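Colleague: I'll drop the sequence and a predicted model, then ask my questions.
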Amino acid sequence: MSKMQLGVIYGSRSCEHDVSIISAVQLMRSADREKYDVIPVYITRKGEWFTGDALLDMKTYTHFDPFMKGVTPVHLDLTAGSGALLHYVPAKGLFGGGKEEMVAHLDCVIPVMHGLHGEDGSLQGLLEMADLPYASSGVTASAIGMDKIAMKRFFKAFDFPILPDAALTRSQWEKDAGAAMDRVEREIGYPVFVKPACLGSSIGVSPAKNRQELRDALDLAFSYDRRVLVEQGLDHPIEVNCSVLGFDGERRASVLEMSNAGEGFLDFADKYLPNHGASKGMASSKHVIPAPVGEELTKTLQNLSMEIFDAMDCKSVVRIDYMIDRHSGKHYITEINTIPGSLAFYLWQPTGLPYAKLIDEMVSCALKAHQEKERNSFAFSSDILSGVQLGGKTGKLGGKMGGKL
């Protein structure tokens, strides 16, 4: 039995580029090589695509050299169902023409993107056009999940529990910063969290407890995005995360994780730089699994996570983050990550699902979704073209079709 040719696409033009690399290499090292030929597809910060065995080594990315041995520039053939990764070979002679060679064929793709140009629905749209099975949520869910403002409006429509917020644009800020801050103070009050609308990994996110901190936080957030979400803050909330895995009604929730266990707000450096601060960083920050929040709240958040998964029509594995008010005990949705860091494998291991098996299930979700798509009819025969005449150079419609276009 031949192995599946499993493409892993990662990197891209995103502030979360480096985190994406770490997640992707983790996944590629964990995939069952008895089942898959793993094909790395790395997109650089400039948007260039590469493949090759050298991409399995983390050292390759320290000072990435596109001309190094073991990497090949490629592009994806967008012909529906092709799945070909092509490499352009220039002509050797003066008058000879170059040619394209197929470097690899992709049977299925796992996007391991964090942030814009990958997690936001853009890559998913590309893969839909190429008619390739892929193991992430689709275009709509990915786009909503990336945009914090659209996400909160979606959650509000379903009456899911969220904190009060205000959305601002860069033009509003630059036109009248005072009016923008007045609105935040009037509608929300302090403390608040200021977040770029379309970023993750806490990049550009700041807390603010007064007007000067709000001004600084908005200046920072608007340097990353033209749209910013200002959200009501809680006093040292308990942060809890839950993952959901599945497709089309067949889904289940993971154990819960308490991600900040007494540490307060963790910024990008706290989360990903192991030597940052006295006791923070991924190697030492206090992640408690399972979260000690009691059986009743655990079940409540697991069920809510599956409701969110269904409402957004998600696919494969996602992670939903919550905040719990220490004083009232109320819980609120912070956000959904449609491609979570490390694919949230650490939330599934305690359930008896090791990373290699999680990858198998993600691939299964991709294939099921693709099979469902193939059941749709994409051919509709009509006589509309035979009744259309384009008139002259002006391009005006001529001919009569018994109606209007």
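Modeller: That came through, no problem. Residues are numbered from 1 along each chain as shown.

Colleague: tell me the domain ranges of this protein?
Modeller: For the chain, the structural domains run 4-134, 165-232, 235-370, going by automatic domain parsing.

Colleague: weakest of the ones you listed in terms of mean pLDDT?
Modeller: In terms of mean pLDDT, the lowest-scoring of these is domain 235-370 (a mean of 87).

Colleague: End to end on that one, go ahead and measure it.
Modeller: Terminal residues of domain 235-370 lie 45 Å apart, using CA to CA, to the nearest Å.

Colleague: chain center to that domain: distance?
Modeller: 14 Å (CA atoms, centre = their mean, to the nearest Å).

Colleague: same check, this time on stretch 68-81
Modeller: On CA atoms, centre = their mean, the centre of stretch 68-81 falls 22 Å from the chain's centre.

Colleague: Show me the helices in the stretch 51-200 of the chain, by range?
Modeller: For the stretch 51-200 of the chain, applying DSSP state H, counting those that start in this stretch gives helices covering 122-130, 139-146, 148-157, 170-175, 177-187.

Colleague: These: which one's closest to Glu100?
Modeller: Judged by CB to CB, the one of the helices of the stretch 51-200 of the chain that comes nearest to Glu100 is helix 122-130, at 15.7 Å. From N, CA and C alone the C-beta is placed, and that goes for glycine too.

Colleague: so what secondary structure elements neighbour that closest one?
Modeller: Judged by 3 or more CB pairs under 8 Å, 6 or more residues apart in numbering; DSSP states H and E, helix 122-130 is in contact with strand 108-112, helix 139-146.

Colleague: For the ones you listed, state which one has the densest average packing.
Modeller: strand 108-112 (a mean of 27; mean count of other CB atoms under 10 Å).

Colleague: Start and end of stretch 129-149, how far apart?
Modeller: End-to-end distance of stretch 129-149: 27 Å, with CA to CA as the criterion.

Colleague: no no, stretch 92-106
Modeller: Note: stretch 92-106 ends 29 Å apart using CA to CA.

Colleague: Counting neighbours, which bits of it end up buried?
Modeller: Within stretch 92-106, the residues scored as buried using 16 or more other CB atoms under 10 Å are 103-104, 106.

Colleague: Dump those into JSON lines; add distance to Asn303 as well.
Modeller: Shown next, in JSON lines, are the buried residues of stretch 92-106 (distance: CB to CB, whole Å):
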{"residue": "Val103", "distance to Asn303": "45"}
{"residue": "Ala104", "distance to Asn303": "42"}
{"residue": "Leu106", "distance to Asn303": "36"}
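
Colleague: Rebuild the helices and strands packed on helix 122-130 as TSV, extending it with distance to Leu304.
Modeller: Below are the helices and strands packed on helix 122-130 laid out as TSV (distance: least, CB to CB, whole Å):
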stretch	distance to Leu304
strand 108-112	25
helix 139-146	16
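
Colleague: Longest helix in this structure, by number of residues?
Modeller: The residue-count maximum for a helix in the chain (DSSP state H) belongs to helix 355-374.

Colleague: Next secondary structure after that one?
Modeller: strand 389-391 (DSSP states H and E).

Colleague: rewinding a little: of the helices of the stretch 51-200 of the chain, give the one that comes closest to Ser382.
Modeller: Nearest of the helices of the stretch 51-200 of the chain (CB to CB): helix 122-130, 23.1 Å.

Colleague: Can you list the buried residues in the closest one?
Modeller: Neighbour-count burial for helix 122-130, with 16+ other CB under 10 Å as criterion, is recorded at 122-124, 126-128, 130.

Colleague: Check the residues you listed against Lys209 and report the nearest one.
Modeller: Within the buried residues of helix 122-130, proximity to Lys209 (CB to CB) peaks at Ser122, which comes in at 36.2 Å.

Colleague: got the contact list for the closest one?
Modeller: When contacts are counted by CB atoms under 8 Å, 6 or more residues apart in numbering, Ser122 touches Leu116.

Colleague: Try it again at 10 Å.
Modeller: Counting by CB atoms under 10 Å, 6 or more residues apart in numbering, Ser122 touches 12, 113, 116, 139, 142-143, 146.

Colleague: and those as CSV, adding distance to Leu347?
Modeller: Formatted as CSV, the contacts of Ser122 follow (distance: CB to CB, whole Å):
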residue, distance to Leu347
Ser12, 25
Met113, 19
Leu116, 25
Val139, 25
Ser142, 20
Ala143, 24
Met146, 21
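
Colleague: In CSV, list the domains of the chain along with distance to Ser386.
Modeller: CSV is the format used below for the domains of the chain (distance: least, CB to CB, whole Å):
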stretch, distance to Ser386
domain 4-134, 26
domain 165-232, 45
domain 235-370, 34
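
Colleague: follow-up on the earlier one: looking at the buried residues of helix 122-130, which is nearest Lys195?
Modeller: Nearest to Lys195 among these: Ser122, at 20.5 Å, using CB to CB.
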